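In: next come a sequence and a model predicted from it.
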Amino acid sequence: MKTNDLNFLFSYAGSVTEPEDLFSGRRLPLGFSLPDNILVFFHDFTASAPNSHSRHTLVIPLDEMIYYVEHQQVEMHLGELLYVPPFALRFLHPGSSGYRRLFITFEVNGLQHYLPRSGLFELTSEVLRSLRNFLRKFLTHSAEELAWALMQLLAQLSSAHLAIKAGETLPDVLLQVIDHIECDLATLGDVKQLAAQVGLSPSHLRALFRQHFGVPIGKYIAQKRADYAKYQLKNSNLTIGEIAQKSGFATIYVFSTFFKRNVGVAPLQYRKQVHASTKKAPGST
């Protein structure tokens, strides 16, 4: 033991007073618990929206993007982090310049003092240090160590809160439209049918969608079909015909023509390419 360390112990021991009760020490807050059931994952597509769930969520953007949280618009930039509490309705703006984002989701019992308030946070040097520490431990350390690392990250966020500029509120009818598109691709009709489902005229729906999202609704639907098909080709064992049907196409030919026009390669070729790159990645240098 170094002399300085030994001197510290002697000095500290001399400053400690005898407790009145040798069986009553410093206690954790009543009901204290650490984050549990922790997940880390990456998305580069728009997930089913709008949605809410029982988990706490941290969203770290890797592209400039716009989220809606409880209908309120939140502009997210690189170097920022969004905390969404459980059961808050959240939705990624379809007109965002990119969709790449890292998620950290978890559960926790009760209202813990280390939980930040809902909102946007700056990735300061201190927050980044805690974030790196947590991410490095995710796959290599015990669940207990990981929980402590996440708690430290959450506690750091309180000092990095950013004011969110008041943005536009998303109309309920557009949430219904997005919900139909996200959940009913296989049976989704044309814009006229979609407008009738939400009680709008086709022209009004087109104008309202473009006003709030900055993209034509037809282009958005096409992008959703392409994104869904790419995801299934990469992550499922569904046949090309099954993916075509679930993406909303009557025939494989129509689907293949659409896919090649929007993605640049035929569906089967895309599947072979992504599977080949996945197999190559672990051993690549």
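Out: Perfect, thanks for sending it. None of the values given here were measured: they were computed from a predicted structure.

In: and the pLDDT for Ile164?
Out: pLDDT for Ile164: 57.

In: kindly report the same for Ala281.
Out: We have a pLDDT of 51 for Ala281.

In: next one: Leu111
Out: pLDDT for Leu111: 86.

In: name the element it belongs to?
Out: Using DSSP states H and E, Leu111 sits in no helix or strand.

In: tell me how many other residues surround it.
Out: 7 (other C-beta atoms under 10 Å). For glycine as for every other residue, the C-beta is placed from the backbone atoms N, C-alpha and C.

In: distance of it relative to Ser277?
Out: Per C-beta to C-beta, to the nearest Å, Leu111 is found 44 Å from Ser277.

In: where does the prediction get shaky in the protein?
Out: Applying pLDDT under 70 to the chain flags the ranges 47-50, 163-168, 278-285.

In: cutoff 50 now
Out: Applying pLDDT under 50 to the chain picks out residues 282-285.

In: tell me the domain boundaries of it?
Out: Listed by automatic domain parsing, the domain ranges of the chain are 36-162, 172-279.

In: now those domains in CSV, with distance to Ser11?
Out: Formatted as CSV, the domains of the chain follow (distance: least, C-beta to C-beta, whole Å):
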stretch, distance to Ser11
domain 36-162, 28
domain 172-279, 58
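
In: could you pull out the strands in the stretch 101-250 of the chain for me?
Out: Taking DSSP state E, counting those that start in this stretch as the test, the strands found in the stretch 101-250 of the chain are 101-107, 119-122, 161-162.

In: relative to Gly214, which of those strands is closest?
Out: strand 101-107 (18.9 Å; C-beta to C-beta).

In: partner strands of the closest one, with direction?
Out: Applying DSSP bridges, strand 101-107 is found paired with strand 36-43 (antiparallel), strand 56-61 (antiparallel).

In: TSV for those, including mean neighbour count and distance to Leu170?
Out: Shown next, in TSV, are these (neighbours: other C-beta atoms under 10 Å; distance: least, C-beta to C-beta, whole Å):
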stretch	mean neighbour count	distance to Leu170
strand 36-43	13	20
strand 56-61	22	17
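
In: need the ones you listed in TSV (columns: distance to Thr140).
Out: TSV is the format used below for the strands paired with strand 101-107 (distance: least, C-beta to C-beta, whole Å):
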stretch	distance to Thr140
strand 36-43	12
strand 56-61	20
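
In: what's the closest of those strands to Leu268?
Out: For those, the distance to Leu268 is smallest for strand 36-43, at 24.6 Å, taking C-beta to C-beta.

In: how about the strands of the stretch 101-250 of the chain in TSV, adding distance to Glu18 and mean neighbour count?
Out: Shown next, in TSV, are these (distance: least, C-beta to C-beta, whole Å; neighbours: other C-beta atoms under 10 Å):
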stretch	distance to Glu18	mean neighbour count
strand 101-107	41	19
strand 119-122	44	18
strand 161-162	42	14
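
In: wait, His93 touches Val69, no?
Out: No: the criterion here is C-beta atoms under 8 Å, and His93 misses it with Val69 at 11.2 Å.

In: for the stretch 1-150 of the chain, what spans make up the helices?
Out: 3-15, 125-137, 143-157 (DSSP state H, counting those that start in this stretch).

In: closest one to Asn37 among these?
Out: helix 143-157 (9.2 Å).

In: got the contact list for the closest one?
Out: Helix 143-157 is contacted from outside by 34-36, 38, 81, 83, 104, 106, 114-116, 121, 124, 126-127, 130-131, 133-134, 137-138, 141, using C-beta atoms under 8 Å, 6 or more residues apart in numbering.

In: in a markdown table: the strands of the stretch 101-250 of the chain, plus distance to Phe255.
Out: Shown next, in a markdown table, are those (distance: least, C-beta to C-beta, whole Å):
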| stretch | distance to Phe255 |
| --- | --- |
| strand 101-107 | 28 |
| strand 119-122 | 39 |
| strand 161-162 | 43 |
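
In: closest to Ser201 out of these?
Out: strand 101-107 (34.7 Å).

In: give me the buried subset of the contacts of helix 143-157.
Out: Neighbour-count burial (16 or more other C-beta atoms under 10 Å) is assigned, among the contacts of helix 143-157, to 34-35, 38, 81, 83, 104, 106, 114-116, 121, 127, 130-131, 134, 137.
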